[in-house]
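Participant: This is the structure alone, sequence omitted:
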């Protein structure tokens, strides 16, 4: 029974000598699958066992879509003002500063031009980690300017949406971005310049009601949540039970809101296949 008796009381190893497991070595998907972080990154941030697409931001999408991750960022230093002097529990300016410090981003969208499979492409990509990817004046202005760059240089435009909707701290100024961006996209359509819209998880609110659903081709990643209002609001408004998997990418494709769903590993090839087809170019493999 001496085996069960301690010969020394207290902690055996001094606290300063204990080593914690570094954070970020493993990722657990919603279905409970455990993935090594390096394996996850090499697999386009998709869980290999269940196909779950982990949320990623502009850094990762640019790396996936631009050749050799080489691009020129547009309007890189544009930041929001606070014309409404909005204050809730914290001043809007303080929220912006905190988000910028935490994420290293200026706002919830980055725009860039580079080559994808050897041909020019302009991409605007939203970052959900910046105040929930909310759409404020800077988001609308940068998307509009990116579309204008596409128009002036006759370069295809791609929008990657990931947003909780309008930014409440900018009130009506935020809602005005829906019209601004829609006008620019209409100009692209009139000029015959391709616009591809990729809806990722989540794409909701004013983004869905404007640029996210105005593509010449609307695509999505598997399992993405896409909708205007949340399911609870829709159910309370209609007074009806909602169908299974309501507002998923698969449900929307089945009902004609999406053209196709593409796995992240196939995204670059599929986008360029579409651009080659409408541009009447030989397909690049």
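Facilitator: Yep, it's here. Bear in mind the structure is a predicted one, so any value in this text is a computation, not a measurement.

Participant: all helices of the protein, in order?
Facilitator: 37-42, 58-65, 92-103, 137-153, 171-191, 231-238, 249-254, 267-278 (DSSP state H).

Participant: Switch those over to TSV; also include mean neighbour count and distance to residue 260.
Facilitator: Every residue, glycine included, has its C-beta placed from N, CA and C. Converted to TSV, those look like this (neighbours: other CB atoms under 10 Å; distance: least, CB to CB, whole Å):
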stretch	mean neighbour count	distance to residue 260
helix 37-42	13	24
helix 58-65	19	17
helix 92-103	15	31
helix 137-153	21	22
helix 171-191	16	20
helix 231-238	11	24
helix 249-254	18	7
helix 267-278	17	8
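
Participant: Out of these, which is closest to residue 199?
Facilitator: helix 249-254 (7.2 Å; CB to CB).

Participant: same for the closest one, what does it pack against?
Facilitator: Packing contacts for helix 249-254, counted by 3 or more CB pairs under 8 Å, 6 or more residues apart in numbering; DSSP states H and E, involve strand 217-220, strand 260-261.

Participant: Need the contact partners of the last one.
Facilitator: The reference is to strand 260-261. Strand 260-261 is contacted by residues 219-222, 249-250, 253, 270 when judged by CB atoms under 8 Å, 6 or more residues apart in numbering.

Participant: and of the helices and strands packed on helix 249-254, who's closest to residue 108?
Facilitator: The nearest among the helices and strands packed on helix 249-254, by CB to CB, is strand 217-220 at 19.2 Å.

Participant: who does that closest one pair up with?
Facilitator: Partners of strand 217-220 in the sheet, by DSSP bridges, are strand 195-203 (parallel), strand 260-261 (parallel).

Participant: which of those strands is buried the deepest?
Facilitator: Most buried of the strands paired with strand 217-220, by mean neighbour count (mean count of other CB atoms under 10 Å): strand 195-203, with a mean of 25.

Participant: As TSV, the strands paired with strand 217-220 with distance to residue 63 and mean pLDDT would be great.
Facilitator: What follows is the strands paired with strand 217-220, written out as TSV (distance: least, CB to CB, whole Å; pLDDT from 0 to 100):
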stretch	distance to residue 63	mean pLDDT
strand 195-203	15	97
strand 260-261	21	96
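
Participant: Can you redo those strands as JSON lines, where the extra columns are distance to residue 231?
Facilitator: Putting the strands paired with strand 217-220 into JSON lines (distance: least, CB to CB, whole Å) gives the following:
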{"stretch": "strand 195-203", "distance to residue 231": "12"}
{"stretch": "strand 260-261", "distance to residue 231": "20"}
